[in-house]
Structures are given as structure tokens and as C-alpha cells.
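# Quick one, fold the following:
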Amino acid sequence: MSIFRFTPSAAVNACKIALLVLLEVKRRFYSNTIYYILRRNLSVRVQVPLPRISLSLRELRADDIPALINIHERILTIPELWERVRILNMINSGIQTPYVAVTVKDEPCHLAWLIDSRSNEKIQSFFKGAVKPLSTHELLFEFVFTLEKYRGLGIQVWRSLKFAEKGAAMGAKWALGYIKKTNETSLKNAQKNEFKPYMIRFDRWRLFCRKTEYRLLEQDQTDPCVKVRVAKKVASAFN
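Model prediction:
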């Protein structure tokens, strides 16, 4: 099944993708972006509510990709298209392992990567220093995406718990996640799964050159609310 088919919606979306390219050029010319790096101790068990639909988790298959990208059925917003461009780039990177949450009809509705240190070389090649290499005891939860019609059903929190269970079974101690400061939904979902602010990443783009800086948060601030306040204070100094 082809990822791209011509429809009126696809034509409009293709024009918007061209606009995305211009916006990306602008971002790389001059911008400041902040990411929180959150960490979860995989030995800590967490109780989370079940999603509001029946789901199972499996590895991504090639025939899942058209259903996830799907720019043919309706006109998408710029953020929706940007998510799909990022997904395709990540799939093409070869970084392992992408998983999908699927409905009882085996239809994919949610995508995320569970990454271990075996992918460090590809991580550095793809992210170009924006993601730190993983130790043998660390896992990375990355590129989380839920199809629009399935959002608000508790899928992300459930999938994160499944990843934590898989990670613990693999012998990992820590799970990491990079979340943009403005992505409040993902930050709230991460905290439901006991992810706590650990570091802050600052990206500065100037004339198409990126400078990335990391700042470690104080480890004695065990209260996640305190750490969030500290993270926001540090981040405000960057703006």
C-alpha cells in the first residue's frame, strides 16, 4: 500500500509541507528551544488507569505506515503535518525499535520508539548531538505520536507503562524522555508515569548552526513539583 496517493486533501497538504520547509529554514536561521529531559526509575511500579479502548502493543510493520501518515483523507494542520514528517524521518533512520498500539481490529493508533544503547551510533548520526548516548542501563522513549481521532483516551500513559515493563525485563534501570517545554500534554502524561525532571536541554540556532547545552538539575530535589519549578526558572533565564 502506497504512503502517498493523490487526492484534493493530499494536494493541499503537499503545499503545506512546502510551507513547513520554509518554517524549518526560519527556525534554523534563528531560534531558541527548550526541552526537559525526564527520567524514570524502572524499578518503581506505577499504577495507571487503563485506556478507554482495548489495545495491544506490537512492533511497527511496513503496512502500518500509510495508516499513520495518511495525508489523503483530510486537510491537516501544520503541526499535524510536521509530526508526520518527523515520523517518516525517524523510520528512515533505522533506529530501533518502533512500536504501535493497535485496536482490536489490529489498526495502529499510536506510535513510539523504545531505544537502547545498541542504537547509539544511529542516534548520534540522526540527532547530531541533540540526544545523549545511552548507557547500557538506560532506555529512551522517543517520537511519541497518536492519531488525532484517538487522542484523549489515555493511550500514551498506558503505552509508557508497557515500555517501562519491557525495559525492566531487559535489565534497564532508567528510562529517559525528551519533551519540549511547550508540550504540556506530554509533560503531564510523563509525570503520571513517574518521570521526573532530570536535565534541561537548550537549543540555539544561529545562521543554520546549532549549539546545544545541557544543565543537570539538583538531585536532592526529590519532589517532582519542586524540580519542575526549578526547571522553569532555569529555562526562563534562557529566553
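# helices and strands of this structure: which one has the lowest mean pLDDT?
Of all the helices and strands that make up the chain, helix 224-238 has the lowest average by mean pLDDT, DSSP states H and E, namely a mean of 56.
# List the contacts of residue 192.
Neighbour list for residue 192: 46, 48, 157 [criterion: Cβ atoms under 8 Å, 6 or more residues apart in numbering]. To be clear about C-beta, it is placed using only N, CA and C from the backbone, and glycine gets the same treatment.
# Next: residue 199.
36-37, 214-217.
# 7 Å - rerun?
37, 214-217 (Cβ atoms under 7 Å, 6 or more residues apart in numbering).
# Go through the host helix or strand of it and flag the buried ones.
Assigned by DSSP states H and E, residue 199 falls within strand 196-206. Going by neighbour count (16 or more other Cβ atoms under 10 Å), the buried part of strand 196-206 is 196-203, 205.
# Show me the strands in this protein, by range?
30-41, 56-59, 98-102, 108-115, 138-146, 174-180, 196-206, 209-216 (DSSP state E).
# got the buried residues for the first one?
It stands for strand 30-41. 33-40.
# Would you reformat those as JSON lines and include pLDDT and distance to residue 135?
Formatted as JSON lines, these follow (pLDDT from 0 to 100; distance: Cβ to Cβ, whole Å):
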{"residue": "33", "pLDDT": "95", "distance to residue 135": "25"}
{"residue": "34", "pLDDT": "95", "distance to residue 135": "24"}
{"residue": "35", "pLDDT": "95", "distance to residue 135": "19"}
{"residue": "36", "pLDDT": "94", "distance to residue 135": "20"}
{"residue": "37", "pLDDT": "96", "distance to residue 135": "14"}
{"residue": "38", "pLDDT": "95", "distance to residue 135": "16"}
{"residue": "39", "pLDDT": "96", "distance to residue 135": "12"}
{"residue": "40", "pLDDT": "95", "distance to residue 135": "15"}
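# Longest helix in the chain, please.
Determined from DSSP state H, the single longest helix within the chain is helix 8-29.
# Distance from that one to the middle of the chain?
When distances are taken as Cα atoms, centre = their mean, to the nearest Å, helix 8-29 is centred 21 Å away from the chain's centroid.
# Could you list the low-pLDDT ranges of the chain?
Where the chain drops to pLDDT under 70, the residues are 1-3, 219-239.
# Quick check, central residue of it?
For the chain, the residue nearest the mean C-alpha position is residue 143 (2.8 Å; Cα atoms, centre = their mean).
# List the residues that contact that one.
86-87, 90, 112-113.
# Report the two of those separated the most.
86 and 112 (12.3 Å; Cβ to Cβ).
# ok, those two, which is more surrounded?
Shown here are residue 86 and residue 112; by other Cβ atoms under 10 Å, residue 112 has more neighbours (25 against 12).
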